[in-house]
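**Student:** can you look at this prediction? I've put the sequence above it.
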Amino acid sequence: MKNDIKKAIRDTIPVLSGYIVLGMGFGILMQTKGYGIWWTLAMSAFVYAGSMQYLAVDLLTGGASLISAAITTLMVNARHLFYGISMVDRYKGTGKKKPYLIFALTDETYSLVCSGNEDKSEEERHRYYFLVSLFDQIYWVCGSVIGALLGQVIPFSTEGIDFALTALFVTVFVEQWKSTKDHLPAIIGVMASVICLVVFGAGDFLIPAMVLITVLLSALKLVRREEKAK
């Protein structure tokens, strides 16, 4: 168990650096909008939706209707539909951990969970999935609370803080690339995203890219399974 905890902490260090900064930005934003530390803690603990939490602040302060909030949430987090589909096999047999694993599946957690550990036993893999998910949320909650506390005493400008998310994605991608010899899935993801960006534009490429990546990776998995069967 100790080795599992050490590995999960080591693997989530890149996420720690990003989530602390982004969480602090959210906490500061909540404070400047008039929501105290308890609101910040509750949202990060029970909503835990990253970029959607930032948007939720504007929805709350702008008096958006439930329908508008629901549609916005669906559009922003639609990629998790595809994440979830690809995790069906990995999360099979996780038992009581499954509800939390589903709830805590963020972009960065997804990347780490998919980055190998195929040589481990099923029990060890499931424990690793849970620990990575838990530590990542702890980082986000801690960052949010720190930001809310700092926002009470120090004026901050949050301009440009969202770039930390881009930097975090790059860091996780590099770490995943270095940790495996099979780079084809990563290349497929990058190429599919670039193609959809060119075809659909920056504002509409995310969902088509997720669909294309899911289709291509599923096809790749089927091809490899057939080759292995032969």
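**Tutor:** The structure has been received and is ready for your questions. Numbers count the residues shown, from 1 in each chain.
**Student:** any regions of this protein where pLDDT drops low?
**Tutor:** By pLDDT under 70, the weakly predicted segments of the chain are 72, 75-76, 116-118, 156-169, 172, 175-176, 179, 230.
**Student:** what's the domain layout of it?
**Tutor:** 2-163, 181-230 (automatic domain parsing).
**Student:** what about those domains, which gets the closest to residue 174?
**Tutor:** Distance to residue 174, taken as CB to CB, is lowest for domain 2-163 among the domains of the chain, at 8.6 Å. In this view, the C-beta of every residue, glycine as well, is placed from N, C-alpha and C.
**Student:** how far does the closest one sit from its chain's centre?
**Tutor:** Chain-centre distance of domain 2-163: 6 Å, with CA atoms, centre = their mean, to the nearest Å.
**Student:** re earlier: of the domains of the chain, which stretch is the most buried?
**Tutor:** domain 2-163 (a mean of 17; mean count of other CB atoms under 10 Å).
**Student:** one step back: export the domains of the chain to JSON lines and tack on distance to residue 170?
**Tutor:** Below are those laid out as JSON lines (distance: least, CB to CB, whole Å):
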{"stretch": "domain 2-163", "distance to residue 170": "10"}
{"stretch": "domain 181-230", "distance to residue 170": "11"}
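**Student:** so residue 204: helix, strand or coil?
**Tutor:** coil (DSSP: H, G, I helix; E, B strand; the rest coil).
**Student:** from residue 101, how far off is it?
**Tutor:** Per CB to CB, to the nearest Å, residue 204 is found 30 Å from residue 101.
**Student:** among the domains of the chain, which is nearest residue 171?
**Tutor:** domain 2-163 (4.4 Å).
**Student:** against which helices or strands is the longest helix along the chain packed?
**Tutor:** Counting residues, the longest helix found in the chain (DSSP state H) is helix 122-153. Using 3 or more CB pairs under 8 Å, 6 or more residues apart in numbering; DSSP states H and E, the elements in contact with helix 122-153 are helix 2-11, helix 13-32, helix 37-46, helix 98-103, helix 107-113.
**Student:** that helix versus helix 13-32: what angle between them?
**Tutor:** 40 degrees (axes from the mean of the first three to the mean of the last three CA atoms, to 10 degrees).
**Student:** please export the C-alpha coordinates of stretch 193-206 as CSV.
**Tutor:** What follows is stretch 193-206 as a C-alpha-only set of coordinates in CSV (Å, rounded to 0.1, in the frame of the first residue of the first chain):
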residue,chain,number,x,y,z
SER,A,193,-7.1,17.6,-32.6
VAL,A,194,-5.1,19.6,-35.2
ILE,A,195,-7.3,18.3,-38.1
CYS,A,196,-10.5,19.2,-36.2
LEU,A,197,-9.1,22.6,-35.2
VAL,A,198,-8.4,23.4,-38.9
VAL,A,199,-11.7,22.1,-40.1
PHE,A,200,-14.1,23.4,-37.4
GLY,A,201,-12.2,26.3,-35.8
ALA,A,202,-11.1,27.1,-32.3
GLY,A,203,-14.6,27.5,-30.9
ASP,A,204,-16.1,24.3,-32.2
PHE,A,205,-13.3,21.7,-32.6
LEU,A,206,-13.3,20.0,-29.1
